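A.B. asks: Curious how this folds, go ahead:
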Amino acid sequence: MKAIFWTRQEVGHLDKSDWRETNLAKAIQSGARLYGDEVEIRSVPDDGQPVVEPCDLALKIGVKSRNWFRAYNRAGIPYCYFDKGVIRTRAVEWMEYWRVSVNGHQPLKYVETAKHDDQRAKKTGLDFKPWRTGGEAVLVDGSSAKHHFFHSDWDAEGMHDYANEAARSLVERVRAITKRPIIYRPKPSWKRAKPIPGTQFSRGKEWRNDVARSHVVITAGSNLCFDSVCFGVPSIVLGHGIAGPISSTDLSELENPRLATDEERRQWLNNVAWTQFHALDEFENGMAWEVIKAMRDCTPIEAVG
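C.D. replies: Numbers count the residues shown, from 1 in each chain. Have a look, this model is predicted:
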(Lines give C-alpha, C1' and ligand atoms only; values in the text may rest on other atoms or scores of the structure.)
Protein backbone atom coordinates (compact mmCIF):
# COMPACT_ATOMS: atom_id res chain seq x y z
CA MET A 1 0.00 0.00 0.00
CA LYS A 2 1.23 3.48 -0.84
CA ALA A 3 0.17 6.40 1.36
CA ILE A 4 1.02 10.10 1.30
CA PHE A 5 1.23 12.21 4.46
CA TRP A 6 0.86 15.94 3.76
CA THR A 7 2.47 18.11 6.46
CA ARG A 8 2.85 21.84 6.90
CA GLN A 9 6.29 23.26 6.07
CA GLU A 10 7.99 22.85 9.43
CA VAL A 11 11.47 21.66 8.51
CA GLY A 12 13.93 24.55 8.59
CA HIS A 13 11.55 26.89 10.41
CA LEU A 14 11.32 25.45 13.91
CA ASP A 15 13.35 23.43 16.35
CA LYS A 16 13.07 19.72 15.54
CA SER A 17 11.19 19.07 18.78
CA ASP A 18 8.45 21.38 17.46
CA TRP A 19 8.02 19.54 14.16
CA ARG A 20 4.70 18.18 15.36
CA GLU A 21 3.34 17.11 11.99
CA THR A 22 6.65 16.02 10.50
CA ASN A 23 7.56 13.95 13.55
CA LEU A 24 4.17 12.23 13.48
CA ALA A 25 4.52 11.54 9.76
CA LYS A 26 7.97 10.00 10.27
CA ALA A 27 6.70 7.81 13.11
CA ILE A 28 3.83 6.55 10.92
CA GLN A 29 6.27 5.99 8.06
CA SER A 30 8.35 3.74 10.32
CA GLY A 31 5.31 1.80 11.53
CA ALA A 32 3.98 1.28 8.00
CA ARG A 33 7.28 -0.22 6.83
CA LEU A 34 6.81 -3.02 9.33
CA TYR A 35 3.81 -4.11 7.23
CA GLY A 36 5.53 -3.68 3.89
CA ASP A 37 3.72 -0.40 3.20
CA GLU A 38 5.25 2.92 2.17
CA VAL A 39 4.31 6.35 3.48
CA GLU A 40 5.72 9.25 1.47
CA ILE A 41 5.96 12.59 3.27
CA ARG A 42 5.11 15.77 1.38
CA SER A 43 5.00 19.42 2.42
CA VAL A 44 1.92 21.38 1.43
CA PRO A 45 2.58 24.03 -1.25
CA ASP A 46 2.98 27.68 -0.31
CA ASP A 47 -0.54 28.52 -1.45
CA GLY A 48 -2.01 25.77 0.74
CA GLN A 49 -4.20 24.43 -2.06
CA PRO A 50 -4.91 20.68 -2.18
CA VAL A 51 -2.70 18.52 -4.37
CA VAL A 52 -4.25 15.17 -5.25
CA GLU A 53 -1.69 12.48 -6.05
CA PRO A 54 -2.54 8.86 -6.85
CA CYS A 55 -2.20 6.75 -3.69
CA ASP A 56 -4.09 4.25 -1.58
CA LEU A 57 -4.49 6.57 1.40
CA ALA A 58 -3.93 10.30 2.02
CA LEU A 59 -3.02 11.41 5.54
CA LYS A 60 -3.34 14.89 7.05
CA ILE A 61 -3.94 16.67 10.35
CA GLY A 62 -6.81 18.76 11.64
CA VAL A 63 -10.11 20.41 10.76
CA LYS A 64 -8.39 23.18 8.80
CA SER A 65 -7.54 20.53 6.19
CA ARG A 66 -11.18 20.27 5.14
CA ASN A 67 -10.52 21.14 1.49
CA TRP A 68 -7.75 18.53 1.26
CA PHE A 69 -9.97 15.76 2.59
CA ARG A 70 -12.79 16.73 0.26
CA ALA A 71 -10.46 16.83 -2.74
CA TYR A 72 -9.26 13.29 -2.06
CA ASN A 73 -12.80 12.12 -1.37
CA ARG A 74 -13.92 13.48 -4.77
CA ALA A 75 -11.04 11.58 -6.36
CA GLY A 76 -12.21 8.35 -4.71
CA ILE A 77 -9.12 8.11 -2.50
CA PRO A 78 -9.58 7.35 1.23
CA TYR A 79 -8.13 9.84 3.70
CA CYS A 80 -6.92 9.48 7.26
CA TYR A 81 -7.69 12.32 9.68
CA PHE A 82 -5.60 13.07 12.78
CA ASP A 83 -6.53 15.29 15.72
CA LYS A 84 -6.04 15.51 19.47
CA GLY A 85 -7.28 12.45 21.31
CA VAL A 86 -10.06 12.13 23.85
CA ILE A 87 -7.47 10.71 26.26
CA ARG A 88 -6.02 13.84 27.83
CA THR A 89 -3.81 13.68 30.90
CA ARG A 90 -1.02 16.22 30.28
CA ALA A 91 -0.99 20.00 30.19
CA VAL A 92 0.36 19.85 26.63
CA GLU A 93 -2.44 17.74 25.18
CA TRP A 94 -1.01 17.49 21.66
CA MET A 95 1.94 15.50 23.01
CA GLU A 96 -0.15 12.82 24.69
CA TYR A 97 -2.57 11.00 22.35
CA TRP A 98 -3.67 11.44 18.75
CA ARG A 99 -6.96 10.09 17.48
CA VAL A 100 -7.18 8.57 14.02
CA SER A 101 -10.16 8.25 11.73
CA VAL A 102 -10.53 7.21 8.10
CA ASN A 103 -12.98 9.12 5.89
CA GLY A 104 -14.46 11.10 8.76
CA HIS A 105 -13.94 13.52 11.63
CA GLN A 106 -14.54 10.75 14.16
CA PRO A 107 -13.95 6.97 13.79
CA LEU A 108 -17.64 6.24 14.35
CA LYS A 109 -17.95 3.21 12.08
CA TYR A 110 -14.97 1.52 13.71
CA VAL A 111 -16.22 2.32 17.20
CA GLU A 112 -19.66 0.91 16.34
CA THR A 113 -18.44 -2.40 14.92
CA ALA A 114 -15.09 -3.41 16.45
CA LYS A 115 -14.95 -5.95 19.30
CA HIS A 116 -11.92 -5.15 21.42
CA ASP A 117 -11.42 -6.38 24.96
CA ASP A 118 -10.86 -4.00 27.89
CA GLN A 119 -7.10 -4.36 28.30
CA ARG A 120 -6.09 -1.23 26.40
CA ALA A 121 -8.88 0.88 27.90
CA LYS A 122 -7.69 -0.07 31.38
CA LYS A 123 -4.06 0.58 30.49
CA THR A 124 -4.87 4.08 29.26
CA GLY A 125 -7.03 4.80 32.31
CA LEU A 126 -10.38 4.96 30.52
CA ASP A 127 -13.40 4.03 32.60
CA PHE A 128 -16.95 5.18 33.28
CA LYS A 129 -19.07 5.96 36.33
CA PRO A 130 -22.65 4.83 37.02
CA TRP A 131 -25.34 6.98 35.46
CA ARG A 132 -26.09 10.03 37.61
CA THR A 133 -29.58 11.37 38.36
CA GLY A 134 -30.89 14.62 39.74
CA GLY A 135 -29.24 17.09 37.41
CA GLU A 136 -31.49 20.10 36.90
CA ALA A 137 -29.97 21.90 33.91
CA VAL A 138 -29.47 21.17 30.24
CA LEU A 139 -25.93 21.76 29.08
CA VAL A 140 -25.72 22.98 25.48
CA ASP A 141 -22.15 22.38 24.35
CA GLY A 142 -21.46 24.84 21.56
CA SER A 143 -19.19 23.63 18.78
CA SER A 144 -16.36 25.91 17.69
CA ALA A 145 -16.10 27.81 14.42
CA LYS A 146 -13.47 25.29 13.27
CA HIS A 147 -15.88 22.41 13.84
CA HIS A 148 -18.60 24.07 11.80
CA PHE A 149 -16.09 24.92 9.09
CA PHE A 150 -15.18 21.24 8.70
CA HIS A 151 -18.79 20.10 8.45
CA SER A 152 -20.21 22.92 6.32
CA ASP A 153 -19.54 24.65 3.01
CA TRP A 154 -18.99 28.07 4.54
CA ASP A 155 -15.70 29.88 4.08
CA ALA A 156 -13.42 30.42 7.05
CA GLU A 157 -14.09 34.15 7.38
CA GLY A 158 -17.81 33.67 7.98
CA MET A 159 -17.55 30.76 10.37
CA HIS A 160 -17.62 32.68 13.65
CA ASP A 161 -20.97 34.26 12.75
CA TYR A 162 -22.23 30.90 11.49
CA ALA A 163 -21.17 29.09 14.69
CA ASN A 164 -22.72 31.72 16.97
CA GLU A 165 -25.98 31.56 15.05
CA ALA A 166 -25.95 27.74 15.15
CA ALA A 167 -25.56 27.84 18.94
CA ARG A 168 -28.34 30.41 19.35
CA SER A 169 -30.66 28.36 17.14
CA LEU A 170 -29.92 25.17 19.10
CA VAL A 171 -30.66 26.92 22.39
CA GLU A 172 -34.01 28.10 21.00
CA ARG A 173 -34.89 24.54 19.99
CA VAL A 174 -34.01 23.31 23.47
CA ARG A 175 -35.99 26.10 25.11
CA ALA A 176 -39.08 25.09 23.14
CA ILE A 177 -38.88 21.58 24.64
CA THR A 178 -37.97 22.11 28.28
CA LYS A 179 -38.24 24.63 31.11
CA ARG A 180 -35.00 23.45 32.66
CA PRO A 181 -32.21 26.02 33.12
CA ILE A 182 -29.83 26.04 30.14
CA ILE A 183 -26.07 26.22 30.51
CA TYR A 184 -24.37 27.37 27.32
CA ARG A 185 -20.81 26.18 27.23
CA PRO A 186 -18.89 26.94 24.01
CA LYS A 187 -15.55 25.30 23.40
CA PRO A 188 -13.11 27.13 25.72
CA SER A 189 -10.56 27.74 22.97
CA TRP A 190 -13.18 29.47 20.78
CA LYS A 191 -12.68 33.04 21.96
CA ARG A 192 -15.30 34.66 19.72
CA ALA A 193 -18.27 32.78 21.14
CA LYS A 194 -21.04 35.15 22.27
CA PRO A 195 -23.27 34.76 25.34
CA ILE A 196 -26.86 33.77 24.59
CA PRO A 197 -29.57 35.65 26.51
CA GLY A 198 -31.47 33.51 28.98
CA THR A 199 -28.65 31.00 29.45
CA GLN A 200 -25.87 30.57 31.98
CA PHE A 201 -22.71 31.32 29.99
CA SER A 202 -19.79 29.10 31.00
CA ARG A 203 -16.30 29.64 29.55
CA GLY A 204 -13.93 27.82 31.90
CA LYS A 205 -11.79 24.85 30.89
CA GLU A 206 -13.02 22.82 33.87
CA TRP A 207 -16.17 21.06 32.69
CA ARG A 208 -17.03 18.80 35.63
CA ASN A 209 -19.10 21.29 37.64
CA ASP A 210 -21.24 22.15 34.62
CA VAL A 211 -21.74 18.49 33.72
CA ALA A 212 -22.49 17.50 37.32
CA ARG A 213 -25.37 20.03 37.42
CA SER A 214 -26.82 18.74 34.16
CA HIS A 215 -29.58 16.31 33.34
CA VAL A 216 -28.19 15.89 29.82
CA VAL A 217 -25.43 17.28 27.59
CA ILE A 218 -26.37 18.32 24.06
CA THR A 219 -23.72 18.70 21.38
CA ALA A 220 -23.20 18.55 17.65
CA GLY A 221 -19.88 16.80 17.93
CA SER A 222 -17.65 18.11 20.71
CA ASN A 223 -15.54 15.65 22.68
CA LEU A 224 -17.37 16.78 25.80
CA CYS A 225 -19.91 14.07 24.99
CA PHE A 226 -17.14 11.54 25.64
CA ASP A 227 -16.29 13.08 29.02
CA SER A 228 -19.94 13.39 30.06
CA VAL A 229 -20.86 9.79 29.20
CA CYS A 230 -17.82 8.54 31.14
CA PHE A 231 -18.78 10.88 34.01
CA GLY A 232 -22.26 9.36 34.11
CA VAL A 233 -24.31 12.07 32.42
CA PRO A 234 -26.07 11.10 29.17
CA SER A 235 -25.65 12.99 25.90
CA ILE A 236 -27.74 13.89 22.90
CA VAL A 237 -25.35 13.88 19.95
CA LEU A 238 -26.76 15.74 16.96
CA GLY A 239 -23.72 15.39 14.70
CA HIS A 240 -20.48 13.43 14.58
CA GLY A 241 -19.62 13.17 18.27
CA ILE A 242 -17.66 10.14 19.42
CA ALA A 243 -20.43 9.14 21.88
CA GLY A 244 -23.07 9.04 19.15
CA PRO A 245 -23.17 5.23 18.89
CA ILE A 246 -24.39 4.89 22.49
CA SER A 247 -26.33 8.17 22.91
CA SER A 248 -29.62 9.74 21.94
CA THR A 249 -29.45 11.55 18.63
CA ASP A 250 -32.70 13.53 18.68
CA LEU A 251 -33.85 16.42 20.88
CA SER A 252 -37.22 14.74 21.33
CA GLU A 253 -35.50 12.44 23.85
CA LEU A 254 -34.29 15.34 25.99
CA GLU A 255 -36.28 14.42 29.11
CA ASN A 256 -35.57 10.71 28.75
CA PRO A 257 -32.20 10.39 27.02
CA ARG A 258 -30.79 7.01 26.16
CA LEU A 259 -28.91 5.34 29.00
CA ALA A 260 -26.71 2.73 27.37
CA THR A 261 -26.16 -0.44 29.36
CA ASP A 262 -22.87 -0.96 31.14
CA GLU A 263 -22.07 -3.66 28.60
CA GLU A 264 -22.69 -1.23 25.73
CA ARG A 265 -20.60 1.50 27.34
CA ARG A 266 -17.78 -0.94 28.09
CA GLN A 267 -17.59 -2.16 24.50
CA TRP A 268 -17.76 1.42 23.20
CA LEU A 269 -14.98 2.50 25.56
CA ASN A 270 -12.84 -0.50 24.62
CA ASN A 271 -13.18 0.37 20.94
CA VAL A 272 -12.54 4.10 21.46
CA ALA A 273 -9.27 3.20 23.19
CA TRP A 274 -8.13 1.58 19.94
CA THR A 275 -8.62 4.80 17.98
CA GLN A 276 -6.32 6.89 20.22
CA PHE A 277 -2.57 6.35 20.04
CA HIS A 278 0.29 7.51 22.18
CA ALA A 279 2.69 9.78 20.34
CA LEU A 280 5.02 8.79 18.97
CA ASP A 281 5.88 5.25 20.06
CA GLU A 282 2.57 3.60 19.12
CA PHE A 283 2.89 4.97 15.61
CA GLU A 284 6.52 3.90 15.23
CA ASN A 285 5.86 0.32 16.37
CA GLY A 286 3.04 -0.19 13.86
CA MET A 287 0.20 -0.50 16.37
CA ALA A 288 -1.64 2.51 14.99
CA TRP A 289 -0.95 1.55 11.39
CA GLU A 290 -2.70 -1.80 11.74
CA VAL A 291 -5.84 -0.06 12.99
CA ILE A 292 -5.63 2.61 10.26
CA LYS A 293 -5.52 -0.15 7.66
CA ALA A 294 -8.48 -1.89 9.29
CA MET A 295 -10.44 1.37 9.18
CA ARG A 296 -9.52 1.89 5.55
CA ASP A 297 -10.56 -1.61 4.56
CA CYS A 298 -13.69 -1.56 6.76
CA THR A 299 -12.57 -4.74 8.50
CA PRO A 300 -12.65 -4.10 12.25
CA ILE A 301 -10.33 -6.41 14.13
CA GLU A 302 -10.78 -8.00 17.52
CA ALA A 303 -7.27 -7.54 18.83
CA VAL A 304 -4.05 -5.95 17.67
CA GLY A 305 -0.57 -5.48 19.04
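A.B. asks: all contacts plus neighbour counts: C-alpha atoms, from now on.
C.D. replies: Fine.
A.B. asks: list the buried ones in whichever strand or helix holds Ile4?
C.D. replies: According to DSSP states H and E, Ile4 maps onto strand 2-7. Residues of strand 2-7 classed as buried by neighbour count (16 or more other Cα atoms under 10 Å): Ala3, Ile4, Phe5, Trp6, Thr7.
A.B. asks: any idea how far the nearest residue to Glu282 once chain neighbours are set aside is from Thr275?
C.D. replies: Distance criterion Cα to Cα, 6 or more residues apart in numbering; nearest residue to Glu282, sequence neighbours excluded, is Ala288 at 6.0 Å. Relative to Thr275, Ala288 is positioned 8 Å away (Cα to Cα, to the nearest Å).
A.B. asks: ok, those two, which is more surrounded?
C.D. replies: Using other Cα atoms under 10 Å, the more surrounded residue of Ala288 and Thr275 is Ala288, with 27 against 23.
A.B. asks: you'd agree the more buried one is in a helix?
C.D. replies: Yes - looking at Ala288 with DSSP: H, G, I helix; E, B strand; the rest coil, it is inside a helix.
A.B. asks: Redo the buried residues of strand 2-7 as a markdown table? Include pLDDT and distance to Pro197.
C.D. replies: A markdown table is the format used below for the buried residues of strand 2-7 (pLDDT from 0 to 100; distance: Cα to Cα, whole Å):
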| residue | pLDDT | distance to Pro197 |
| --- | --- | --- |
| Ala3 | 98 | 49 |
| Ile4 | 98 | 47 |
| Phe5 | 98 | 45 |
| Trp6 | 97 | 43 |
| Thr7 | 95 | 42 |
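A.B. asks: I'd like the residues you listed laid out as a markdown table, including distance to Arg266.
C.D. replies: Output for those, formatted as a markdown table (distance: Cα to Cα, whole Å):
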| residue | distance to Arg266 |
| --- | --- |
| Ala3 | 33 |
| Ile4 | 35 |
| Phe5 | 33 |
| Trp6 | 35 |
| Thr7 | 35 |
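A.B. asks: for these, which one is nearest Trp19?
C.D. replies: For the buried residues of strand 2-7, the closest approach to Trp19 (Cα to Cα) belongs to Thr7, at 9.6 Å.
A.B. asks: residues contacting that closest one?
C.D. replies: Glu21, Thr22, Ala25, Ile41, Arg42, Ser43, Val44, Lys60, Ile61 (Cα atoms under 8 Å, 6 or more residues apart in numbering).
A.B. asks: switch to 6 Å and redo it
C.D. replies: Thr7 is in contact with Glu21, Ser43, counting by Cα atoms under 6 Å, 6 or more residues apart in numbering.
A.B. asks: Show me what it bridges to in the sheet.
C.D. replies: Ser43 (DSSP bridges).
A.B. asks: what sits up against the helix or strand encompassing Tyr72?
C.D. replies: Taking DSSP H and E as the definition, Tyr72 sits inside helix 66-74. Contact with helix 66-74 is made by Pro50, Phe150, as judged by Cα under 6 Å, 6+ apart.
A.B. asks: Return the distance of the following helix or strand past it from the chain's centre.
C.D. replies: Next helix or strand after helix 66-74 toward the C-terminus (DSSP H and E): strand 79-84. Distance of strand 79-84 from the chain centroid (Cα atoms, centre = their mean, to the nearest Å) equals 9 Å.
A.B. asks: How about stretch 71-88?
C.D. replies: 10 Å.
A.B. asks: buried residues in it?
C.D. replies: Judged by neighbour count using 16+ other Cα under 10 Å, the buried positions of stretch 71-88 are 71-72, 77-87.
A.B. asks: quick one: contacts for Pro234?
C.D. replies: Pro234 neighbours (Cα under 6 Å, 6+ apart): Val216.
A.B. asks: Any idea how many residues pack against Cys298?
C.D. replies: Cys298 has 14 neighbours, counted by other Cα under 10 Å.
A.B. asks: For Ile236, which three-state class applies?
C.D. replies: What three-state DSSP gives for Ile236 is strand.
A.B. asks: ok, back up a step: just give me the closest of the buried residues of strand 2-7 to Val100.
C.D. replies: Checking the buried residues of strand 2-7 against Val100 with Cα to Cα, the nearest one is Phe5 at 13.2 Å.
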